[in-house]
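Novice: coordinates for the following, if possible.
(4 chains)
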There are 4 protein chains.
Amino acid sequence: MNILIYNEGVHDKEEWMKKVYPDGIHGALKQALNDLGNITITILDDVEEIVTEECLNKTDVMLWWGHCAHGSVPDKVAELVHSAVLKGMGFIALHSAHLSKPLVRILGTSCTLKWRDDDRERIWVTAPFHPIAQGLPEYFELNQEEMYGEFFDIPKPDDVIFTGWFAGGEVFRSGCTFSRGYGRIFYFQPGHEAFPTYYNENVVKILKNAVKWASSSVRREVIGCPNVQSLETKQ
Amino acid sequence: MNILIYNEGVHDKEEWMKKVYPDGIHGALKQALNDLGNITITILDDVEEIVTEECLNKTDVMLWWGHCAHGSVPDKVAELVHSAVLKGMGFIALHSAHLSKPLVRILGTSCTLKWRDDDRERIWVTAPFHPIAQGLPEYFELNQEEMYGEFFDIPKPDDVIFTGWFAGGEVFRSGCTFSRGYGRIFYFQPGHEAFPTYYNENVVKILKNAVKWASSSVRREVIGCPNVQSLETKQ
Amino acid sequence: MNILIYNEGVHDKEEWMKKVYPDGIHGALKQALNDLGNITITILDDVEEIVTEECLNKTDVMLWWGHCAHGSVPDKVAELVHSAVLKGMGFIALHSAHLSKPLVRILGTSCTLKWRDDDRERIWVTAPFHPIAQGLPEYFELNQEEMYGEFFDIPKPDDVIFTGWFAGGEVFRSGCTFSRGYGRIFYFQPGHEAFPTYYNENVVKILKNAVKWASSSVRREVIGCPNVQSLETKQ
Amino acid sequence: MNILIYNEGVHDKEEWMKKVYPDGIHGALKQALNDLGNITITILDDVEEIVTEECLNKTDVMLWWGHCAHGSVPDKVAELVHSAVLKGMGFIALHSAHLSKPLVRILGTSCTLKWRDDDRERIWVTAPFHPIAQGLPEYFELNQEEMYGEFFDIPKPDDVIFTGWFAGGEVFRSGCTFSRGYGRIFYFQPGHEAFPTYYNENVVKILKNAVKWASSSVRREVIGCPNVQSLETKQ
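Specialist: Have a look, this model is predicted:
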């Protein structure tokens, strides 16, 4: 399996963040997914060079983490990723990637929400039958996580696998799946850059499950709009 | 109720089409919807002038018919319509508007399908409980209609109200609803420019039902992404 | 509009409950809905007598509250209600009616959940575009309410209009809609018999909105399974 | 994998049917699925003896074919199957099993439809991204198949994988998936007893795909309704 990880990698260069993620968020994600296949990493600095149509054609699942630099991602990259998803590439949008160019293009809504920097989250499994929920307890806790609260302006998900409870009083659809074209999409809310969320064993399990699930899409060309002959000779 | 009808109005100027739609497709749509409220018409020639943010703020439902001139619609217009839908404007995309800029932006998929110029369609009601299906027989026929066939690359609709059977052997999800943001969207497949579809009494009934249904969305501002205080003092 | 309220009315006869609901829960519901139409009340004692096929044929929406006496409701009554819903009667199941015979028959799942007697709930609007959410703030609070927690074993709702946050740490899909046959169904979680929930102004607004929404179903006979002739003479 | 096939096996004993299915429909299904796992067969004559709770606990996927003898299936069997599905057993209902006791209990609607004995069907893939559609062409034909036509009174499916076009003029949601509790359900329309449908290579592929898909449900006990302690000490 070919996995492509995009992390904007901006704050990752600062000391306060290196204390939490010494190898960047991309490093933590790579570590989590290492035994699932070949992993390619790209950051904002090289995203235009790495994320080509050829690269995406070979990619089974792409993960996307971005926060402060959504606007700096070239439109062309967002367009290529969008197009690859419709042709069956799995796509996993993490945390503040709710506002990333590819996800907003794919979902077509504002993807807005409420937020607060530092809170405590309890994540409930609300679709225990789903492959992404396998092996998880009925809930788990993140002692520090950025609060994301409803109303979350997204199209109706196929499944809301996780629902977040925040100590500050909010709820959130913290894990949502979507199908678009031939592609499978998963949005997962936890993962603020200041907290060690991506080392949490349940989060790692979810990321692995999600990569496996999203990679099982079929790869096909979009059909275009062919002009076809009648199939009935008798009409 | 304020209804805004966009018809690109290109073929409408040609003699062959004037025989079917002497006042253009916009004229036929206006006639169908006349007793529901105030109707404003815009065509490609004046779309940039008419379709402003101010105009859309006052519009309850917009209908969109376009075919050969999708590419000539300014991106700015598509962006304004998309944004108005998320804030609760109803939107009805007709026939080849499946590839119109606003609908493709809203749905986020390729919206591709198969087609054949001249066929016969029987339209089945497959969600008889839906307001858009009220007053209709269990099926009705269009003796001439352009065939649109599956696979239709759209996100999963909220309801597939009509399913088309074509004499040439295809099926199609001919009437589909979606919710995005605060807006209600209806896509309706029939309406080729060479056939008098928009004079059909069942089609007129569907258009009226759809306008009423889509106009009952709420108008609200998108929430943005506010940074909010904790609601729990005890945490 | 004809509204039928079923409340089992068992605890309602005890002193502790009379302090909260002097006229029973059915009395509080009647008061909330009084200006919407004609209201008929039935309790366990007379349910078999009142809830006949003739009565249900004239009913636009039925509300159901039950808790300790689900098992005492005659199967025949559940069967009649189930059948009326499929023919387009609106049905609103309140609080512990998640385990009522009619709802369990309609939904076909176990409808199980977690619970705890006394908690505090904050109810978030998670489908602000839905008619049932109109006129409500983005959240409201119930200082005392029984906690119902996920996993709630129901089929995927059409819309999750309300999501509950509980001070004790749980979340719940507190307001869910479903379509079955020609009928519209709404499940609403708040309403423990020991707390004055049905006097809360937001709850009253929700009940009214829900009754209006559920009553707009069409009434039709289920089609049966007719043996039909071919519609195509040429085949 | 343990596969359990129920075929009522009534007409199968008659000469006219033996010409099409010499080993019964159960024999044809067994042949189609033979290389996927251990197959157990039960017919109406022994269904009460074979379909026990113990048997279902070990079954990954159950297939059900029935037509003229739905009423003779003991309620206890339907109840056990229903309960096993909620605990994660896959369930595949074939053709006239739309009216089988287990499916009607699981779905909670009338499951009625229109029908005509002898027609020709073209089956279109309308969810090409779904595992059950893998390896199939965009459509395939059955030269003889019983027509089942809309409106099909079922709850909204998770996915409508196949849509049937009939030469006689009808359409049908011929392949539908549902989730209930922890179980995955697939309804597939083709399979009239008088035609050799279950020998068609595309139908065989669909059955295999469906068995694999449905077997990947998790097996869990339904949670019951536990009374739980608060998770928050501070409340």
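Novice: which strand or helix spans the residue nearest to the spatial centre of chain A?
Specialist: Central residue of chain A (Cα atoms, centre = their mean): residue A:93, 1.7 Å from the mean position. Taking DSSP states H and E as the criterion, residue A:93 maps to strand A:90-94.
Novice: again, but for residue A:122
Specialist: Using DSSP H and E, the element containing residue A:122 is strand A:114-125.
Novice: before we move on, the earlier item: which residues are in contact with the residue nearest to the centre of chain A?
Specialist: In this structure, residue A:93 makes contact with A:64, A:100, A:102, A:103, A:185, A:186, A:187, A:188, judged by Cβ atoms under 8 Å, 6 or more residues apart in numbering or on different chains. Heads up, the C-betas are built off the backbone N, CA and C, glycines and all.
Novice: okay, the closest residue to the fifth one other than its chain neighbours: pLDDT?
Specialist: Translated: residue A:185. Closest residue to residue A:185 in three dimensions, ignoring its sequence neighbours and counting by Cβ to Cβ, 6 or more residues apart in numbering or on different chains: residue A:178, at 4.3 Å. In this model, residue A:178 is scored at 98, pLDDT.
Novice: name the SS class of residue A:178, please.
Specialist: Under DSSP: H, G, I helix; E, B strand; the rest coil, residue A:178 falls in the strand class.
Novice: count of neighbours near it?
Specialist: Burial of residue A:178 is recorded as 24 neighbouring residues (other Cβ atoms under 10 Å in any protein chain shown).
Novice: and it, what does it touch?
Specialist: Contacts here follow Cβ under 8 Å, 6+ apart; on that basis residue A:178 touches A:106, A:107, A:155, A:157, A:158, A:184, A:185, A:186, A:187, B:155.
Novice: can I get the residues you listed in TSV with secondary structure, pLDDT and neighbour count?
Specialist: Rendered in TSV, the data for those read as follows (DSSP: H, G, I helix; E, B strand; the rest coil; pLDDT from 0 to 100; neighbours: other Cβ atoms under 10 Å in any protein chain shown):
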residue	secondary structure	pLDDT	neighbour count
A:106	helix	98	25
A:107	helix	98	24
A:155	coil	98	23
A:157	coil	98	20
A:158	coil	97	20
A:184	strand	97	25
A:185	strand	98	24
A:186	strand	98	27
A:187	strand	98	26
B:155	coil	98	23
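Novice: of these, which is the nearest to residue B:233?
Specialist: residue A:187 (30.9 Å; Cβ to Cβ).
Novice: report the beta-bridge partner residues of the closest one.
Specialist: On DSSP bridges, the residues paired with residue A:187 through beta bridges are residue A:93, residue A:176.
Novice: residues in contact with it?
Specialist: Each residue near residue A:187 by Cβ under 8 Å, 6+ apart is listed here: A:92, A:93, A:97, A:98, A:103, A:154, A:175, A:176, A:178.
Novice: ok, the first one touching residue A:59?
Specialist: Spelled out, that is residue A:92. No - here residue A:92 does not reach residue A:59: they are 11.7 Å apart, not a contact under Cβ atoms under 8 Å.
Novice: okay, now residue A:54: neighbour count?
Specialist: The local packing of residue A:54 (other Cβ under 10 Å) involves 8 other residues.
Novice: any buried residues in the helix or strand encompassing it, and which?
Specialist: Assigning secondary structure by DSSP H and E places residue A:54 in helix A:53-58. Neighbour-count burial for helix A:53-58, counted by 16 or more other Cβ atoms under 10 Å in any protein chain shown, picks out A:55, A:56.
Novice: repeat that for stretch A:166-184.
Specialist: Neighbour counts using 16+ other Cβ under 10 Å place A:166-184 of stretch A:166-184 among the buried residues.
Novice: list the buried ones in the single longest helix found in chain A?
Specialist: With DSSP state H setting the assignment, residue counts place helix A:201-215 as the longest helix in chain A. Buried positions in helix A:201-215, judged by neighbour count with 16+ other Cβ under 10 Å: A:202-215.
Novice: farthest-apart pair in those residues, please.
Specialist: When Cβ to Cβ is used, the two most widely separated members of those are A:202 and A:215, lying 20.5 Å apart.
Novice: show me where chain A has its strands.
Specialist: When assigned using DSSP state E, the strands of chain A occupy the ranges A:2-7, A:38-43, A:61-65, A:90-94, A:114-125, A:139-149, A:159-166, A:171-180, A:183-188.
Novice: so for the longest one, mean pLDDT?
Specialist: When you say that, I think you mean strand A:114-125. According to the model, strand A:114-125 has a mean pLDDT of 96.
Novice: that one packs against which elements?
Specialist: strand A:139-149, strand A:159-166, strand A:171-180 (3 or more Cβ pairs under 8 Å, 6 or more residues apart in numbering or on different chains; DSSP states H and E).
Novice: make a markdown table out of the strands of chain A and add distance to residue B:8.
Specialist: Compiled in a markdown table, the strands of chain A are given as follows (distance: least, Cβ to Cβ, whole Å):
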| stretch | distance to residue B:8 |
| --- | --- |
| strand A:2-7 | 38 |
| strand A:38-43 | 41 |
| strand A:61-65 | 36 |
| strand A:90-94 | 34 |
| strand A:114-125 | 40 |
| strand A:139-149 | 41 |
| strand A:159-166 | 39 |
| strand A:171-180 | 27 |
| strand A:183-188 | 31 |
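Novice: any idea which of these gets closest to residue D:88?
Specialist: Distances from residue D:88 to each of these were compared using Cβ to Cβ; the minimum, 14.6 Å, belongs to strand A:114-125.
Novice: state the distance from residue A:47 to residue D:26.
Specialist: Plainly put, residue A:47 is 57 Å away from residue D:26 if you go by Cβ to Cβ, to the nearest Å.
Novice: I'd like to know how many residues surround the nearest residue to residue A:95 once chain neighbours are set aside.
Specialist: Nearest residue to residue A:95 in three dimensions, chain neighbours excluded: residue A:191, at 3.6 Å (Cβ to Cβ, 6+ apart). By the other Cβ under 10 Å criterion, the neighbourhood of residue A:191 contains 23 residues.
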